[in-house]
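>>> Sharing a model that was predicted from the sequence below.
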Amino acid sequence: MDLMKIAPNVLKISQAIASVIGVDVTVVDKKLVRVAGTGSYGSRCGEKVSARSAFGVAIRNKESFIIEEAGNHEVCKQCESIKDCQEFAEVCCPIKINDEVIGVIGLIAFDKQQREKILYNKDNLMNFLNKMAELVSSKLAEQSNLEEIELLAKKLEIVLNSVDKGIILANHSGDILSYNKSALKLFGLSDPDKNKINMKHLIGDSAFESSIVEDCKVKNKEFVYRHRKNYVRGIFDTNPITIDNKTCGIVFVFTKLSDALGVVNDITTGSIVTNFADIIGDSDTFVQTKNTARQASQSSSSIVIQGESGTGKELFARAIHFNSDRKAGPFIAINCSAIPDQLLESELFGYEEGAFTGAMKGGKAGKFLLANGGTIFLDEIGDMPLHLQAKLLRVLQEQMIEKIGGKSLIPIDIRVIAATNKDLEKKVSQNEFRDDLFYRINVIPLSIPPLRERKDDIYTLVKHLLSSCNKRLHKEIENVDDEVYDIFIKYRWPGNVRELENTIEYAVNMCNGSVIEREHLPSRLLSSSLKDKGNYEIVPIKELEKREIEKALAKFKCVEKAAKALGIGRATLYRKIRS
Ligand SMILES: Nc1ncnc2c1ncn2[C@@H]1O[C@H](COP(=O)(O)OP(=O)(O)OP(=O)(O)O)[C@@H](O)[C@H]1O
């Protein structure tokens, strides 16, 4: 501990002693540097005193002593300044904190009269000086306690401000006592607002009252804060601040709903990042599809991905999301055909507590709320019942959702990517899909060609799938036999890439060598290849024509070029497409 830190206080104490006793006072610290002094010592602060002086001896011996006759005392005999010494007598008293000497306080007589004053009442004087030394040390202890408290407060402030949850300390009337930066940001408050704002204003009267009633210990309580353009929906926990069994405040810890839901999403599948590089395939048609998807990822318009089952619709949706400026937000997928109609509504929109018999306590956040700030992937949208299509359209137009049994509209910011393996336009014409919803979501249509139309991709896909299967199943299969490739090329792959994926996994499991051969394939592929070998399947001309037209259109994305490649006129091609 450093006496220099309280030099002004030490000076005041020295001056008080000097005026009471009538002799000069000086104080040095443990390094023998003069901290304060009266009389001729007043101008010599900061100078270093000799270690062989009386002060040095007092520091080493940790004891008070009096030099009654300067020059004759043992201490004076060792001092190098003995010849020039002006002093007549001296009293030295060490200043200690917990037995550690932190300095010395000294009384100096420069003439006979002052010496008399010292010697006249030396015991009382020594006592008095010891008390003064204690006063100096307690001042220093007080100062270092203050510094420690300030340091602790600073550390606490840094800790609180590094937490991204909003933290507010309030009293039982709701007056705000303290807060962290995240709380100001969450509620859009500026610093001085704290005096004008009450907790009841932030979380509502009833939420505040119930936190107090419940022993100031609540968990995951919902709140909504609306003020001008600010809308915050979230949950909070509270804890009492109890000192000596008395509650003197409440700590509120706030989490934005989107952050809480983000955590849920992160520990499920939503956080598996997919890039376009993860989508394998380098055939011309597939590269074009990837380019369109990459372009679409840069906008926030709705997308409808059309493709047969297993073509990679969800993979594309994920890559679009994680390549968009929403990538930090959640990606939430829901399969509209896998959930019974009665449940789909609550899965999508959520419900409030008590909305219906069997509703969970605390209600439930639907997928739309979960996807707020990110992307919702509505798989098999063609199977969504008509009444939900109407509700979905309203949500997309108004950008608000209302939970089942809810009383308020919740603003949401969501990008919709829908997928279907059905012909949605046909469903619209058959009144099975709402045309207004179709046009609302089909802003960017993306069509993924089936695997049989891009057989060039089979080779790259097989290499990729073999390597990932090897890793997963701890195998070291190096290659696939040419005969197997022949079978793969001839096969129609009704289950597309998913079927190829499963086929490779099956073969890797069956193969004990380093090359996958015909015998390792599942029987459905073998029987299909046998059929091809002995008895070619007869395909009706109409079907053949349809396939070739689809292939040409997918390849050229232009009727004129497709017609030219097919060797027919544009009008004929239009007629055939319509028929
Ligand atoms: N081009 C591709 N590259 C790598 N893996 C792919 C590719 N296409 C599909 N897959 C894989 O095939 C499987 C099926 O893909 P996905 O679920 O995206 O298809 P889908 O079209 O959404 O299927 P469904 O219509 O049945 O929902 C997944 O494991 C996916 O990773």
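Okay, I see it.

>>> Mind checking the pLDDT average for stretch 220-235?
The pLDDT scores in stretch 220-235 average 79.

>>> Now do the same for the residue in the stretch 251-400 of the chain that the ligand sits nearest to: its pLDDT.
Going by C-beta to the nearest ligand atom, the ligand is nearest to residue 312 of the stretch 251-400 of the chain, at 2.7 Å. Every C-beta, even on glycine, is put in place using the N, C-alpha and C of the backbone. If you check residue 312, the pLDDT there is 95.

>>> which one is it nearest to, not counting chain neighbours?
residue 497 (5.6 Å; C-beta to C-beta, 6 or more residues apart in numbering).

>>> So the one you found belongs to a strand, correct?
No: counting by DSSP: H, G, I helix; E, B strand; the rest coil, residue 497 is not found in a strand; it is helix.

>>> residues near it, how many?
By other C-beta atoms under 10 Å, 22 other residues sit near residue 497.

>>> Look up how far residue 286 lies from it.
11 Å (C-beta to C-beta, to the nearest Å).

>>> Was I right to think the residue of the stretch 251-400 of the chain closest to the ligand contacts residue 449?
No: counting by C-beta atoms under 8 Å, residue 312 does not reach residue 449; the two are 10.3 Å apart.

>>> Show me the residue of the stretch 401-550 of the chain that gets nearest to the ligand, please.
For the stretch 401-550 of the chain, C-beta to the nearest ligand atom, closest residue to the ligand: residue 497, 3.4 Å.

>>> for the stretch 201-350 of the chain, what spans make up the helices?
Secondary structure of the stretch 201-350 of the chain (DSSP state H, counting those that start in this stretch): helices at 205-213, 257-267, 284-297, 313-322, 341-349.

>>> Give me whichever of the ones you listed is most buried.
Highest mean neighbour count of the helices of the stretch 201-350 of the chain: helix 313-322, a mean of 23 (counted as mean count of other C-beta atoms under 10 Å).

>>> how far is it from where the chain is centred?
23 Å (C-alpha atoms, centre = their mean, to the nearest Å).

>>> Residue numbering should commence at 265 henceforth.
Yep, numbering from 265; the last one is helix 577-586 now.

>>> Mind listing residues that contact it?
536-540, 542-543, 553, 557, 560-561, 567, 569, 571, 591, 595, 597, 638-639, 641, 643, 679, 681, 683, 685, 710, 712 (C-beta atoms under 8 Å, 6 or more residues apart in numbering).

>>> now the helices of the stretch 465-614 of the chain in CSV, with distance to residue 396?
Output for those, formatted as CSV (distance: least, C-beta to C-beta, whole Å):
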stretch, distance to residue 396
helix 469-477, 52
helix 521-531, 59
helix 548-561, 78
helix 577-586, 73
helix 605-613, 78
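
>>> Looking at those helices, which is nearest to residue 653?
helix 605-613 (10.9 Å; C-beta to C-beta).

>>> what packs against that closest one?
In terms of contacts (3 or more C-beta pairs under 8 Å, 6 or more residues apart in numbering; DSSP states H and E), helix 605-613 is packed against helix 631-634, helix 650-662.

>>> Pipe those into JSON lines and attach mean neighbour count, mean pLDDT and distance to the ligand per row.
Formatted as JSON lines, the helices and strands packed on helix 605-613 follow (neighbours: other C-beta atoms under 10 Å; pLDDT from 0 to 100; distance: least, C-beta to the nearest ligand atom, whole Å):
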{"stretch": "helix 631-634", "mean neighbour count": "22", "mean pLDDT": "87", "distance to the ligand": "16"}
{"stretch": "helix 650-662", "mean neighbour count": "15", "mean pLDDT": "91", "distance to the ligand": "19"}
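
>>> Looking at the stretch 265-414 of the chain, which residue is nearest the ligand?
Closest point on the stretch 265-414 of the chain to the ligand, by C-beta to the nearest ligand atom, is residue 414, at 57.2 Å.

>>> now whichever strand or helix holds that residue, how far from the chain's geometric center?
Secondary structure from DSSP states H and E places residue 414 in helix 386-426. Helix 386-426 sits 41 Å away from the centroid of its parent chain (C-alpha atoms, centre = their mean).

>>> Give me the next element, helix or strand, following that helix.
Using DSSP H and E, the first helix or strand after helix 386-426 is strand 430-434.

>>> Name every strand pairing with that next one and say which way it goes.
When sheet partners are counted by DSSP bridges, strand 430-434 sits next to strand 440-443 (antiparallel), strand 510-520 (antiparallel).

>>> Same question for the first one: list its buried residues.
Counting neighbours by 16 or more other C-beta atoms under 10 Å, one finds that the buried residues in strand 440-443 are 440, 443.

>>> helices and strands around the following helix or strand past it, which ones?
Under the assignment DSSP H and E, the closest C-terminal helix or strand after strand 440-443 is helix 445-451. Applying 3+ C-beta pairs under 8 Å, 6+ apart, one finds that helix 445-451 makes contact with strand 430-434, strand 494-507, strand 510-520.

>>> run the last query once more with 6 Å
strand 430-434 (3 or more C-beta pairs under 6 Å, 6 or more residues apart in numbering; DSSP states H and E).

>>> Please give the centre-to-centre distance between the strand it packs on and its chain.
Centre to centre, stretch against its chain (C-alpha atoms, centre = their mean), the figure for strand 430-434 is 19 Å.

>>> now stretch 495-514
Counting by C-alpha atoms, centre = their mean, stretch 495-514 comes out at 23 Å from the chain centroid.

>>> Show residues contacting that stretch.
Stretch 495-514 is touched from outside by 433-435, 475, 480, 482-489, 515-521, 524, 675, with contacts defined as C-beta atoms under 6 Å, 6 or more residues apart in numbering.

>>> ok, whichever residue of the stretch 365-514 of the chain sits closest to the ligand - how many residues close by?
Nearest residue of the stretch 365-514 of the chain to the ligand: residue 497, at 31.5 Å (C-beta to the nearest ligand atom). When counting by other C-beta under 10 Å, one arrives at 18 neighbours for residue 497.

>>> Spell out which residues sit in contact with residue 356, please.
Counting by C-beta under 6 Å, 6+ apart, residue 356 has contacts 318, 322, 329, 368, 370.

>>> which of those tops the neighbour count?
For the contacts of residue 356, neighbours tallied by other C-beta under 10 Å; top is residue 368, 27 neighbours.

>>> is it true that that one lies in a strand?
Yes: under three-state DSSP, residue 368 falls within a strand.

>>> what sits against residue 781?
Per C-beta under 6 Å, 6+ apart, neighbours of residue 781: residue 745.

>>> Look up the residues forming beta bridges with residue 373.
So, taking DSSP bridges as the rule, residue 373 has residue 353 as bridge partners.

>>> I'd say it and residue 380 touch.
No: with contact defined as C-beta atoms under 6 Å, residue 373 does not count as touching residue 380 (8.2 Å).

>>> Pick out whichever of the two has more residues nearby.
Just comparing residue 373 and residue 380: by other C-beta under 10 Å the higher neighbour count belongs to residue 373, 24 against 12.

>>> how near is the more buried one to residue 275?
The value you get for residue 373 to residue 275, if C-beta to C-beta is used, is 20 Å.

>>> One more: residue 789?
98 Å.

>>> Using a markdown table, lay out the strands paired with strand 430-434 together with mean pLDDT and distance to residue 718.
Putting the strands paired with strand 430-434 into a markdown table (pLDDT from 0 to 100; distance: least, C-beta to C-beta, whole Å) gives the following:
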| stretch | mean pLDDT | distance to residue 718 |
| --- | --- | --- |
| strand 440-443 | 88 | 58 |
| strand 510-520 | 87 | 44 |
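
>>> Quick one: closest of these to residue 452.
Residue 452 lies closest to strand 510-520 among the strands paired with strand 430-434, at 12.0 Å (C-beta to C-beta).
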